[in-house]
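>>> Fold the stuff below for me.
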Amino acid sequence: MKVEQMYTGCLAEAAYYIESNGEVAIVDPLREPEPYIEKAAAAGAKIKYILETHFHADFVSGHLDLAAKTGATIVFGPTAQPGYAALVAKDDEELQLGDIKIKVLHTPGHTMESCCFLVKDENDKDYGVITGDTLFIGDVGRPDLAIKGNVTQEVLAGYLYDSLHNKILTLSDDVIVFPGHGAGSACGKNMSKETTDSLGNQKRTNYALQAKTREEFIDKVLTGLVTPPQYFPKNAVLNKMGYGKIDDVYEKGMKALSPLEFKTAAEETGALILDIRAAQEFCKGFISNSWNIGLDGSFASWAGTLITDLDQPILLMGEESKMKEAITRLSRVGYDNTLGYLKGGIEAWVNEGNTTETITSISAAEFAETFSNNPEIKVIDSRKKSEYDSEHVVGVTNFPLDFVHQNLAELNKNQKYYIHCAGGYRSMVLASILKSRGFNNLVDIAGGFKAIKDTGKFTLTDYVCPTTLL
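Residues are numbered from 1 along each chain as shown. Predicted coordinates:
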């Protein structure tokens, strides 16, 4: 028997490969099916089941393409109502996989159809439990994403308490917990960087499992939740009702366009030009109105957070060898309308006589000198509120990148703004969006808060400053 976690850092998501005696089950696969098909083929095994813990909100699962290419059966837990052929298993139903069994445990709470999969070894001993978004390492699933009718977040949190205590915590302490996500995912608020653990250790250390009563648990898990990214409910619908083939997405997106073709496509379709280069490359020269979301960071989740229409036409700019990866990562969060990329990159654009724009980027030391001479300058801290609240520069205002579209009216196009984040990634994303909206007096602070703090020249506080950006 083999149980292997296939972890993807960009989305902080864990899929699982389970193999026994020539048969394979894949749990919560990402959009592209090839890695799972190739892995099974290399082992001389056949994919029999594709197990889905729930209708995911934070990514588009690859169950449909994988099933179409392998003939495997898609399996959901009780109450799921998918818009395509699938086995909706009964609670406690056991699936035979080679010499082992996988038991379906219905665990409503994160969503009503949520389930966990208990892996039993060749001797029928409980080996590990794949918990999806029911139980994480250090946390539990958020119960505010599947609110509908009379099913409030309080009701869901109560169901989650019951599921954990009746189905999961009754298992032996030596059972391994295989969660659906790790630190960095928006599906929880306190997830560990560790991606597996023993159930016994989670019973002792997971804050949510320390609650003495159902009411205390509900209060603990609902306190401190932040608004989920706007693409979450849209991805949940795709996972429930279906979506297009990934091969069609590649065929449409992997088109190398000349500068003229690229410009024409942008004008005729209203496409968003998405520049996937690193921040310090982007700022030196970019196409007007383009956004910078670097492929070297949490590209997919930021694209999903900031691009509000899943059908938005997208044109890519950056290193040609990375275009398929960019298209793949966009498709993982439901953006299937990539129309092509600029052949030859920014050099080809310039060589054809097209103009570029720039954004000024300065070092933390340069910023320190500017700030000391004029502490009244307007400085934007683009980190999340929780990061800002923990520590920030006195006099600096929080303007989280997550909510740039909602809070744009707080800014003045005639004002000069200095922008920083934690390390330099998000500040350039924000600067590029503001630039596309007509803000021309922008200065990025390279290295972000870490570099600013390392200068030792700023007063830091966890007090929330009553400052304004206008």
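>>> Pull up the distance across stretch 378-393, start to finish.
By CA to CA, to the nearest Å, the extent of stretch 378-393 from end to end equals 12 Å.
>>> Correction: the previous question concerned stretch 220-240.
End-to-end distance for stretch 220-240: 29 Å, by CA to CA.
>>> so where's the stretch 351-470 of the chain shaky on pLDDT?
465-467 (pLDDT under 70).
>>> the helices in it, which residues?
Assigned by DSSP state H, counting those that start in this stretch, the helices in the stretch 351-470 of the chain fall at 364-373, 385-390, 425-436, 448-454.
>>> So which of those helices is nearest D174?
D174 lies closest to helix 385-390 among the helices of the stretch 351-470 of the chain, at 34.6 Å (CB to CB). To be clear about C-beta, it is placed using only N, CA and C from the backbone, and glycine gets the same treatment.
>>> just the strands in the stretch 251-400 of the chain please.
Along the stretch 251-400 of the chain, counting by DSSP state E, counting those that start in this stretch, strands occupy 256-257, 272-275, 291-292, 314-317, 338-342, 360-362, 378-381, 392-393, 397-398.
>>> Minimum distance to P143: which of the ones you listed has it?
strand 397-398 (26.9 Å).
>>> Show me what that closest one is in contact with.
378-381, 383, 385, 388, 392, 464-465, 467-469 (CB atoms under 8 Å, 6 or more residues apart in numbering).
>>> Please, a PyMOL command that selects the buried ones among those?
Selection of buried members from these for PyMOL, criterion 16 or more other CB atoms under 10 Å:
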select buried, resi 378+379+380+381+383+388+392
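>>> what sits against the closest residue to K167 other than its chain neighbours?
Nearest non-adjacent residue to K167, counting by CB to CB, 6 or more residues apart in numbering: L105, 4.8 Å away. L105 is in contact with 77, 91-92, 115-118, 129, 167-168, counting by CB under 8 Å, 6+ apart.
>>> Y17 falls within a strand, correct?
Yes - checked against DSSP: H, G, I helix; E, B strand; the rest coil, Y17 lies within a strand.
>>> So for it, what's the pLDDT?
You'll see Y17 listed with a pLDDT of 98.
>>> what's the closest non-adjacent residue to it?
E4 (4.5 Å).
>>> go on, S114?
In space, and not counting its chain neighbours, S114 is closest to H54: 4.2 Å by CB to CB, 6+ apart.
>>> Need phi/psi at that neighbour.
phi -180, psi 180 (degrees, to the nearest 10).
>>> I'd say it and C116 touch.
No - in this structure, H54 is not within contact of C116 by CB atoms under 8 Å, at 9.9 Å.
>>> Identify the contacts common to the two.
Common neighbours of H54 and C116 (CB under 8 Å, 6+ apart) are G132.
>>> Show the residue spans covered by the strands in the stretch 51-200 of the chain.
73-76, 87-88, 94-97, 100-106, 115-120, 126-132, 176-179, 197-198.
>>> in the third one, what counts as buried?
Of the residues in strand 94-97, 95, 97 count as buried by neighbour count, 16+ other CB under 10 Å.
>>> related to what we said a few turns ago, report the contact partners of the residue nearest to S114.
Taking CB under 8 Å, 6+ apart, we find H54 in contact with 76-77, 80, 110-111, 113-115, 132-133.
>>> what about 10 Å?
Shown in contact with H54 (CB atoms under 10 Å, 6 or more residues apart in numbering): 28, 61, 76-77, 80, 107-108, 110-116, 132-134, 141, 145-146, 180, 236, 239-240.
>>> ditto for P82
52, 55, 63-64, 74, 76, 88, 113, 239-242.
>>> Tell me the confidence at it?
98.
>>> what about this structure, any weak spots by pLDDT?
Along the chain, the model assigns pLDDT under 70 to residues 465-467.
>>> From the recorded domain assignment, give the ranges for it.
Listed domain ranges for the chain are 2-235, 244-351, 360-461 (source: automatic domain parsing).
>>> Just the endpoints, please. Distance across the longest one?
Which is domain 2-235. End to end - CA to CA - domain 2-235 spans 30 Å.
>>> Equivalent analysis for the last one, please.
Terminal residues of domain 360-461 lie 27 Å apart, using CA to CA.
>>> picking that back up, which one of the contacts of L105 has the most neighbours?
C115 (31 neighbours; other CB atoms under 10 Å).
>>> For T356, see how far away the nearest residue in space to S361 that is not next to it in sequence is.
Closest residue in space to S361, ignoring its immediate chain neighbours: D444 at 4.2 Å, by CB to CB, 6+ apart. Here D444 is placed at a distance of 16 Å from T356 (CB to CB, to the nearest Å).
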